[in-house]
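Peer 1: Structural data only, the sequence is not supplied:
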């Protein structure tokens, strides 16, 4: 698996890339822009120059905003679709493999099925309006309440709904280990991880699973809580992780560590992840 990590763009795209390179990462996940700051031409040009001879081979851009793509409130839905369109255009300029998106939540009184249909429509609209396009990578979430994408079945239903929109979008999936655990998938040991990967391949198609977020978590099993943690500080342990890193069907995928903050603990955690990966 190609290992990388999520890096802050607070100091710009180039500094994020250099931080990843300092850890000999092969993949990098970033946000499409700094808060309240639009990227300039030199931001893209400098990033592209650095990439030419970089150890980082895969770039992923994660949505910065929490989407409202499934809401019945048309004003909020269209506003969210417009924001997505802008982020897609920005992400495409970063030579990214894919744009990572959560499906968001559907409106109170509606159903998950109707919400999924609205998400598919909103995303198709955003792609039609975007100046540049980029493959879409939809991420699983902890689920609970009205949040969409907590189950593999919902992710598969979204893929079907997107096809019905008659607008071709290159779609793949990102599976987050912390989110899967919080959504009720027992992945802390080899047997549980094996079952999860088999179900994911059956529902989504193994060829469509291109990215993993490799996160430990402090959240209780099936709690639907978001609580990322460094490996060894959460409840998952390493057995399931080792199985995932060694899974032959996913050796060509990228694995991103999303840590609470970039510090020495994160660096050591990432190096341990690299060591485990080298043993498979």
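Peer 2: In hand now; what should we look at? Everything numeric here is computed off the predicted structure, so don't read it as measured data. Numbering: from 1, shown residues only.
Peer 1: how close does residue 261 sit to residue 10?
Peer 2: 11 Å (C-beta to C-beta, to the nearest Å). From N, CA and C alone the C-beta is placed, and that goes for glycine too.
Peer 1: Which one's more surrounded, those two?
Peer 2: More crowded of residue 261 and residue 10, by other C-beta atoms under 10 Å: residue 10, with 12 against 8.
Peer 1: if I pick that one, what's in contact with it?
Peer 2: residue 34 (C-beta atoms under 8 Å, 6 or more residues apart in numbering).
Peer 1: quick one, phi/psi of it?
Peer 2: Backbone dihedrals for residue 10, given as degrees, to the nearest 10, come out at phi -60, psi -40.
Peer 1: just residue 2 next, same as before
Peer 2: Dihedral angles (degrees, to the nearest 10) for residue 2: phi -80, psi 120.
Peer 1: what about it, neighbour count?
Peer 2: 17.
Peer 1: From what I see, it and residue 24 are in contact.
Peer 2: No - between residue 2 and residue 24 there is no contact under C-beta atoms under 8 Å: 11.6 Å.
Peer 1: Run through who's touching the helix or strand encompassing residue 113.
Peer 2: Assessed by DSSP states H and E, residue 113 sits inside helix 112-129. Outside helix 112-129, the residues that touch it by C-beta under 8 Å, 6+ apart are 67, 69-72, 77-78, 80-82, 84-85, 88, 101, 103-107, 133, 136, 146, 148, 154, 157-158, 161-162, 164-165, 167, 169.
Peer 1: Pull the distance from that helix to the chain's centre.
Peer 2: 18 Å (C-alpha atoms, centre = their mean, to the nearest Å).
Peer 1: same question for that helix, mean pLDDT?
Peer 2: Averaging pLDDT along helix 112-129 yields 95.
Peer 1: Parallel or antiparallel, which strands does the next helix or strand after it pair with?
Peer 2: Sequence order places strand 136-139 as the next helix or strand after helix 112-129, per DSSP H and E. Sheet pairing for strand 136-139, assigned by DSSP bridges, gives strand 98-101 (parallel), strand 171-176 (parallel).
Peer 1: what distance separates the shortest one from the middle of the whole chain?
Peer 2: Between the mean C-alpha point of strand 98-101 and the mean C-alpha point of its chain there is a distance of 6 Å (C-alpha atoms, centre = their mean).
Peer 1: Residue 135 - how many residues pack around it?
Peer 2: Residue 135: 15 neighbours (other C-beta under 10 Å).
Peer 1: Can you tell me the closest non-neighbouring residue to it?
Peer 2: residue 170 (3.9 Å; C-beta to C-beta, 6 or more residues apart in numbering).
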